[in-house]
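Asker: model the structure of this input:
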Amino acid sequence: MTTIQDIADKLGISKGTVSKALNDAPDISETLQKQILETAVELGYTRLRRYKKASQKICILAQSDNIQYEEPHHFGHDIVMGFRQMAEPAGFEVDIVPVNVQTQRSTGYDVFMLQNGYLASFAIGFALNDPWMQDFKTSHTPAVLYDNHIIGNPATAYVGIDNDEGMDLAVAHLKKMGHKKIGYLSSALGSHIMQVRHRAFFQAMHRHGLEASPAQAAHSYYLTECMEKHLPRLIDLGMTAIICCQDTIAQAAMFQCQQLGYRVPEDVSIIGFDDLPVCPYTSPPLTTIRQDRTEIGKCGYYALDSLRNGVSIGTVLLHAKLMVRNSTAPVKGGNDIEEI
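Answerer: Here you go, the predicted structure:
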């Protein structure tokens, strides 16, 4: 095991200086502390090994540019609560740490974790272009990623729902009601999960023997472009149903359809994804694919505990569930509805 003396020998400084830097002493310069922390990470030093009686601290890293979690109606709230429900009774102190791109650029992931005394992390809301997504490929500090998949690093795991199953449920539901022309509307494909759902849509369409051309799917960074350009185009192409990558896109699509003079679900059926708390109360109530975010948080802890104990879990996926409400209906004028 790497010791403080090993770090001191590597840098040619005293053991006391290393100890001060690791404990954030004010009389150590920021430059020297950074060098010591980076060397400690390079040598594989962890506080867990050296300070057996230290507080057992883990953290939830929330990419604050991409995910909200403070209020009950926020997407990440239940994920955070589920994780804490398992971690805190097990004796861990859990910090919820908001991070942005600037934070990630200023300090590497392993160094950040060592500097703050965290043993492991549950990372939520990270996009593919976030700096720490590169760090996670080679990091040594255990990290469980929600809706992100790192290949080849046994110190990381991926938790989420089975999006292939969820998309299959959505397509099967629409097909049973006679829909053959189904479109897909998505936000930008800048995250792992948006790419997964985009691919899952086409796979589900092919599995169910339905036409699936690239023209039937659209995506954009801008919600206004989705609503004002892509949604009308899909309707003009004859789509009688549209699956949306997220509930927020689906809610906007329902409103835009109504503004364009189309009735939901009589003229166009719409399905969302995630089952946000507001979905039963939209007009009409939104049919959607549910992911149990509290259970995802709990699985995040299970996976993290496994990684910390040397069990290199790769992927944990929960089952998806179709929540049928009033935004979907049999295709207008259809007489070939499948028996359920």
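Asker: how about the strands in the stretch 1-150 of the chain?
Answerer: 57-63, 93-99, 121-124, 143-146 (DSSP state E, counting those that start in this stretch).
Asker: quick check, Ile270 in a helix?
Answerer: No. If the criterion is DSSP: H, G, I helix; E, B strand; the rest coil, then Ile270 is strand and not within a helix.
Asker: got the contact list for it?
Answerer: Residues in contact with Ile270 (Cβ atoms under 8 Å, 6 or more residues apart in numbering) are 241-244, 250, 253-254, 257, 264, 286-287, 327-328. Placement of C-beta: from N, CA and C, glycine included.
Asker: about what we covered before: got JSON lines for the strands of the stretch 1-150 of the chain, with distance to Leu304 and mean pLDDT too?
Answerer: Supplementary listing: the strands of the stretch 1-150 of the chain in JSON lines, determined by distance: least, Cβ to Cβ, whole Å; pLDDT from 0 to 100:
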{"stretch": "strand 57-63", "distance to Leu304": "7", "mean pLDDT": "97"}
{"stretch": "strand 93-99", "distance to Leu304": "11", "mean pLDDT": "95"}
{"stretch": "strand 121-124", "distance to Leu304": "6", "mean pLDDT": "98"}
{"stretch": "strand 143-146", "distance to Leu304": "5", "mean pLDDT": "98"}
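Asker: which of those sits closest to Ser29?
Answerer: Among those, the nearest to Ser29 by Cβ to Cβ is strand 93-99 (24.1 Å).
Asker: which secondary structure element of the chain has the lowest mean pLDDT?
Answerer: helix 47-50 (a mean of 49; mean pLDDT, DSSP states H and E).
Asker: including distance to Asp9 and mean neighbour count, could the strands of the stretch 1-150 of the chain go into CSV?
Answerer: Converted to CSV, those look like this (distance: least, Cβ to Cβ, whole Å; neighbours: other Cβ atoms under 10 Å):
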stretch, distance to Asp9, mean neighbour count
strand 57-63, 28, 23
strand 93-99, 32, 17
strand 121-124, 29, 27
strand 143-146, 29, 26
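Asker: Serialize those to a markdown table and add fields for distance to Ala157.
Answerer: Formatted as a markdown table, these follow (distance: least, Cβ to Cβ, whole Å):
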| stretch | distance to Ala157 |
| --- | --- |
| strand 57-63 | 14 |
| strand 93-99 | 17 |
| strand 121-124 | 10 |
| strand 143-146 | 5 |
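Asker: of all these, which lies closest to Met227?
Answerer: That would be strand 57-63 among the strands of the stretch 1-150 of the chain, by Cβ to Cβ, at 25.4 Å.
Asker: what pairs with the closest one, parallel or antiparallel?
Answerer: Its sheet considered, strand 57-63 pairs with strand 93-99 (parallel), strand 121-124 (parallel) by DSSP bridges.
Asker: for the spatially closest residue to Asp27 that is not a sequence neighbour, give its distance to Gln256.
Answerer: Using Cβ to Cβ, 6 or more residues apart in numbering and skipping the chain neighbours, the partner closest in space to Asp27 is Lys20 (6.9 Å). According to Cβ to Cβ, to the nearest Å, Lys20 and Gln256 sit 59 Å apart.
Asker: can you report how many residues lie near Ala303?
Answerer: Residues lying near Ala303 (other Cβ atoms under 10 Å) number 26.
Asker: look at it and give its secondary structure.
Answerer: Of the three states, Ala303 takes helix under three-state DSSP.
Asker: state the distance from it to Ile313.
Answerer: Ala303 sits 5 Å away from Ile313 when distances are taken as Cβ to Cβ.
Asker: over to Arg325?
Answerer: Distance of Arg325 to Ile313, computed by Cβ to Cβ: 35 Å.
Asker: how about Gln33?
Answerer: From Gln33 to Ile313 the distance is 33 Å (Cβ to Cβ).
Asker: in the stretch 151-300 of the chain, what residue spans correspond to strands?
Answerer: Counting by DSSP E, counting those that start in this stretch, one finds strands in the stretch 151-300 of the chain at the ranges 156-161, 182-187, 217-220, 241-244, 269-274, 287-290.
Asker: let me have those in CSV, extended by distance to Ala172.
Answerer: Output for these, formatted as CSV (distance: least, Cβ to Cβ, whole Å):
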stretch, distance to Ala172
strand 156-161, 16
strand 182-187, 11
strand 217-220, 18
strand 241-244, 11
strand 269-274, 11
strand 287-290, 11
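Asker: just say which of those is most tucked in.
Answerer: For the strands of the stretch 151-300 of the chain, the largest average neighbour count (mean count of other Cβ atoms under 10 Å) is found in strand 241-244, namely a mean of 30.
Asker: out of the contacts of Ile270, which comes closest to Asp110?
Answerer: The closest of the contacts of Ile270 to Asp110 turns out to be Cys244 (Cβ to Cβ; 37.5 Å).
Asker: ok, and the closest non-adjacent residue to the closest one?
Answerer: For Cys244, ignoring the flanking residues on the chain, the nearest one in space by Cβ to Cβ, 6+ apart is Ala250 at 3.8 Å.
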